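In: need a 3D model of the following:
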Amino acid sequence: MATSEAILQVLLPRLHHSDLCTNSLNSAHTIKANVNNGRIKIPLSMQVHSCSRKSQNCRRRVYALRSRDSVFHEKTDVGRLESMGCQCQQAEGVSGFTEDQNETRFKGKTRRPTSNPINGTGSAPSIQGYEVGQQLKHEKQDHVRNGKAAVAGTTKDKLDKGRVNVIEDEAWNLLRDSIVYYCNNQVGTIAANDPSSSSILNYDQVFIRDFIPSGIAFLLKGEYDIVRNFILHTLQLQSWEKTMDCYSPGQGLMPASFKVRTVPLDGDDSATEDVLDPDFGEAAIGRVAPVDSGLWWIILLRAYGKCSGDLSLQERIDVQTGIKMILKLCLADGFDMFPTLLVTDGSCMIDRRMGIHGHPLEIQALFYSALLSAREMLAPEDASADLIRALNNRLIALSFHVREYYWIDMRKINEIYRYKTEEYSYDAVNKFNIYPDQIPSWLVEFMPSKGGYLIGNLQPAHMDFRFFSLGNLWSIVSSLATVDQSHAILDLIEAKWDELVADMPFKICYPALEGQEWQIITGSDPKNTPWSYHNGGSWPTLLWQLTVACIKMNRPEVALKAVKVAERRISQDKWPEYYDTKRARFIGKQAQLYQTWSIAGYLVAKLLLANPSAAKSLVNEEDSELVNAFSSMISGNPRRKRGRRRQSFIV
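Out: Next up, the predicted model:
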């Protein structure tokens with residue numbers, strides 16, 4: 001083991017953090033820019049934020065300029081950097097490093113680790129795992145030959161613990177190898193980092209939803225700078241301008257992803273610039289804008305404050321404005337009559353056509369969590385009074401709507417089975433005109449006598465009875481589900497372990513669409529074939545949401561059991577993006593290996609199980625006001641007849 005630790009010390013890249021964007025609005029700070037062979041100071045105004053249109057698609061870029069001869073070439077700014085700048089600093093005072101440690105000090109400049117030649121593209125795991133594994137293997141063989149049965153249990157425990165430690169060490173090495181740098185500052189992690197793959201696609205970008213488990217892993221580890229940098233840089237990319245162009249992002253929209261590009265400076269071949277190039281969905285498959293990015297951004301911002309104790313970030317004027325822009329976009333009036341958020345197919349983790357257009361549960365759970373988180377962080381001021389009032393009204397109506405109409409168990413199925421249709425009036429029991437024949441045959445066998453869950457979607461004359469994991473798990477985390485409902489969801493997971501966990505956790509949805517239903521709903525999508533990808537595939541990243549939900553409900557043994565299942569294969573399978581087949585026996589046919597959020601999801605689960613109290617930074621506890629409001633609403637149960645009554649919200 002001593003040999004392995006020595007090798008690890010030599011091979012692991014040394015990563016450094018520096019604070020970013022600490023300036024307030026309209027301040028006159030200077031930033032240090034990394035020059036090819038030196039360091040110079042430039043005024044804040046030299047960092048620019050521009051928008052150019054190519055082929056009718058709006059592309060927003062943030063530039064950090066560099067030059068060898070200390071001459072900078074300014075570009076035109078169209079927007080927010082008059083009020084917000086980026087302070088790029090490189091690590092100083094670094095000493096005692098050699099080139100063998102993948103860190104070189106050259107003329108006062110610290111180079112980024114050579115293991116990350118292209119923004120996070122690194123090598124596969126070091127030989128540490130192999131050497132430790134060989135050592136453990138030899139120890140086990142020697143023990144078997146000695147035949148000492150009395151010590152067998154102790155040795156086996158040590159071997160198992162040693163193997164798990166090797167997996168965790170490998171995961172941390174891989175996560176750090178995926179880090180992306182902008183102006184020598186860590187700003188995120190790429191989606192996947194498989195050195196053996198020639199098909200990169202868009203997995204070399206930093207996705208907001210993919211970075212969430214990475215960011216939480218760093219927060220739990222006490223490494224806050226990368227999360228702070230990520231929050232501020234994505235805020236700079238947020239769309240703030242009102243536009244009438246249907247090809248441009250709406251005001252307040254967060255990008256789905258961004259990529260750091262190093263490009264030659266215009267008119268000077270000897271100088272380069274780092275470019276943040278966002279994608280708002282105009283380059284995505286299906287050209288669908290992401291709804292969940294802004295919601296995840298708010299959730300991560302709250303987690304940063306809870307973990308680090310640094311509330312100054314969320315109190316900044318620009319951050320407060322960013323929160324309000326997201327809320328106004330989500331709370332905007334439209335044609336919809338429900339308190340749930342109306343979205344199109346492909347606007348969340350399930351980013352392909354899967355029949356979830358309308359009011360998918362995943363978005364509603366994230367929406368509810370973001371509303372609660374934003375209410376905690378919004379500064380009390382007159383300008384926020386109307387927004388907070390609208391936010392509170394939506395929280396009450398949304399919680400009632402989802403808890404009452406999305407919930408099913410054996411009692412509710414029996415009730416739907418006896419529904420009368422074509423009811424017209426305010427006292428209708430079957431409010432959404434659901435036809436009993438919609439109850440699928442698989443549901444009768446799937447639903448246990450003890451347990452229940454929130455259905456995937458609800459629209460007029462349509463209930464999507466599929467079990468969607470992320471929506472149900474985050475409904476527990478966010479307190480969108482009641483305490484009884486939360487326990488019932490975990491009861492169902494335990495009762496249907498073979499269907500939802502099997503050989504690798506966790507099914508993204510159950511069951512898969514098959515046959516003619518698959519052809520019609522997915523458009524015969526060759527990637528979403530039955531029991532693959534988003535159509536019933538198994539996604540290891542869901543381990544961390546499962547763990548948070550289980551810890552919140554004081555049932556960590558459920559998550560621990562799932563983590564142990566994952567540890568049997570996930571490392572030797574090279575950390576795939578997803579698994580195929582009903583029991584998750586095969587690595588996904590088109591799955592990327594060394595998928596970052598599979599790695600980060602496992603690490604977050606391990607960190608939380610080791611320190612369950614840390615989960616408090618992620619969960620939303622329901623406050624007494626919502627409980628009282630919901631109780632008063634449920635007293636007028638929709639299954640009881642009641643006269644017309646004017647209400648301040650729609651349910």
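In: tell me which residue is most central in the chain.
Out: With distances taken as C-alpha atoms, centre = their mean, R209 lies nearest the centre of the chain, 3.3 Å away.
In: pLDDT below threshold where in the chain?
Out: Along the chain, the model assigns pLDDT under 70 to residues 1-153, 155-156, 242-247, 630-651.
In: longest helix in it, by residue count?
Out: Counting residues, the longest helix found in the chain (DSSP state H) is helix 152-177.
In: buried set for that helix?
Out: Neighbour counts over helix 152-177 (16 or more other C-beta atoms under 10 Å) mark 155, 159, 162-163, 166-177 as buried. Where C-beta positions appear, they are placed from N, C-alpha and C, glycine not excepted.
In: what about it, distance to the chain center?
Out: Centroid separation for helix 152-177 versus its chain: 26 Å, with C-alpha atoms, centre = their mean, to the nearest Å.
In: could you point out the helix or strand that follows it?
Out: The first helix or strand that comes after helix 152-177 along the chain, using DSSP states H and E, is strand 179-182.
In: in its sheet, what does the longest strand seen in the chain sit against?
Out: Secondary structure of the chain per DSSP state E: the longest strand is strand 268-279. Counting by DSSP bridges, the strands paired with strand 268-279 are strand 57-65 (antiparallel), strand 257-265 (antiparallel).
In: okay, buried residues for stretch 611-619 please.
Out: By 16+ other C-beta under 10 Å, the buried positions in stretch 611-619 come out as P612, A614, A615, S617, L618, V619.
In: would you turn these into CSV with secondary structure and distance to L458?
Out: As requested, those are exported to CSV (DSSP: H, G, I helix; E, B strand; the rest coil; distance: C-beta to C-beta, whole Å):
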residue, secondary structure, distance to L458
P612, helix, 34
A614, helix, 34
A615, helix, 29
S617, helix, 31
L618, coil, 27
V619, coil, 25
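In: got the phi/psi numbers for the residue nearest to C307 when sequence neighbours are not counted?
Out: In space, C307 comes closest to L219 once its chain neighbours are excluded; the distance is 4.1 Å by C-beta to C-beta, 6 or more residues apart in numbering. Per-residue torsions, L219: phi -60, psi -50 (degrees, to the nearest 10).
In: can you check L458 too?
Out: phi -140, psi 130.
In: tally of neighbours for it?
Out: When neighbours are defined as other C-beta atoms under 10 Å, L458 has 22 of them.
In: isn't it right up against Q438?
Out: No - counting by C-beta atoms under 8 Å, L458 stays clear of Q438, with 11.4 Å between them.
In: nearest to L253, of the buried residues of helix 152-177?
Out: L175 (28.1 Å; C-beta to C-beta).
In: contacting residues for that closest one?
Out: T189, S214, A217, T596, I599, A600, L603 (C-beta atoms under 8 Å, 6 or more residues apart in numbering).
In: for the fifth one, pull up the helix or strand it's in.
Out: So that's I599. Going by DSSP H and E, I599 is in helix 596-610.
In: which parts of the stretch 501-650 of the chain are strands?
Out: Here the stretch 501-650 of the chain has its strands, by DSSP state E, counting those that start in this stretch, at 509-510, 579-580, 586-587.
In: can I get those in CSV with distance to S196 and mean neighbour count?
Out: Listed next are the strands of the stretch 501-650 of the chain as CSV, based on distance: least, C-beta to C-beta, whole Å; neighbours: other C-beta atoms under 10 Å:
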stretch, distance to S196, mean neighbour count
strand 509-510, 30, 21
strand 579-580, 19, 26
strand 586-587, 14, 17
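In: L372 is nearest to which of those strands?
Out: Closest among the strands of the stretch 501-650 of the chain, using C-beta to C-beta: strand 509-510, at 25.1 Å.
In: that older thread, what residues of the helix holding I599 count as buried?
Out: So for helix 596-610, counting by 16+ other C-beta under 10 Å, buried means 596-609.
In: ok, stretch 321-333 next?
Out: Those would be T321, G322, I323, K324, M325, I326, L327, L329, C330, for stretch 321-333 by 16+ other C-beta under 10 Å.
In: follow-up on the earlier one: okay if I get the contacts of L175 as JSON lines plus distance to V291?
Out: Below are those laid out as JSON lines (distance: C-beta to C-beta, whole Å):
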{"residue": "T189", "distance to V291": "22"}
{"residue": "S214", "distance to V291": "21"}
{"residue": "A217", "distance to V291": "24"}
{"residue": "T596", "distance to V291": "22"}
{"residue": "I599", "distance to V291": "26"}
{"residue": "A600", "distance to V291": "22"}
{"residue": "L603", "distance to V291": "27"}
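In: just flag the most distant two among those.
Out: Taking C-beta to C-beta as the measure, the contacts of L175 have their most distant pair in T189 and L603, spaced 11.7 Å apart.
In: can you tell me the element the closest residue to Q186 other than its chain neighbours falls in?
Out: Leaving out its chain neighbours, the residue that sits closest to Q186 by C-beta to C-beta, 6+ apart is I226, at 4.1 Å. Taking DSSP H and E as the criterion, I226 maps to helix 225-237.
In: between that helix and helix 152-177, how many degrees?
Out: 40 degrees (axes from the mean of the first three to the mean of the last three C-alpha atoms, to 10 degrees).
In: keeping just the C-alphas, turn helix 225-237 into PDB.
Out: Taking Å, rounded to 0.1, in the frame of the first residue of the first chain, the C-alpha atoms of helix 225-237 are listed here in PDB:
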ATOM      1  CA  ASP A 225     -14.300  27.700  -5.400                       C
ATOM      2  CA  ILE A 226     -15.300  25.700  -8.400                       C
ATOM      3  CA  VAL A 227     -18.900  25.900  -7.500                       C
ATOM      4  CA  ARG A 228     -18.700  29.600  -6.900                       C
ATOM      5  CA  ASN A 229     -17.000  30.100 -10.200                       C
ATOM      6  CA  PHE A 230     -19.600  27.900 -12.000                       C
ATOM      7  CA  ILE A 231     -22.500  29.900 -10.500                       C
ATOM      8  CA  LEU A 232     -21.100  33.300 -11.500                       C
ATOM      9  CA  HIS A 233     -20.000  32.300 -15.000                       C
ATOM     10  CA  THR A 234     -23.300  30.700 -15.900                       C
ATOM     11  CA  LEU A 235     -25.000  33.800 -14.500                       C
ATOM     12  CA  GLN A 236     -23.000  35.800 -17.000                       C
ATOM     13  CA  LEU A 237     -24.400  33.600 -19.800                       C
END
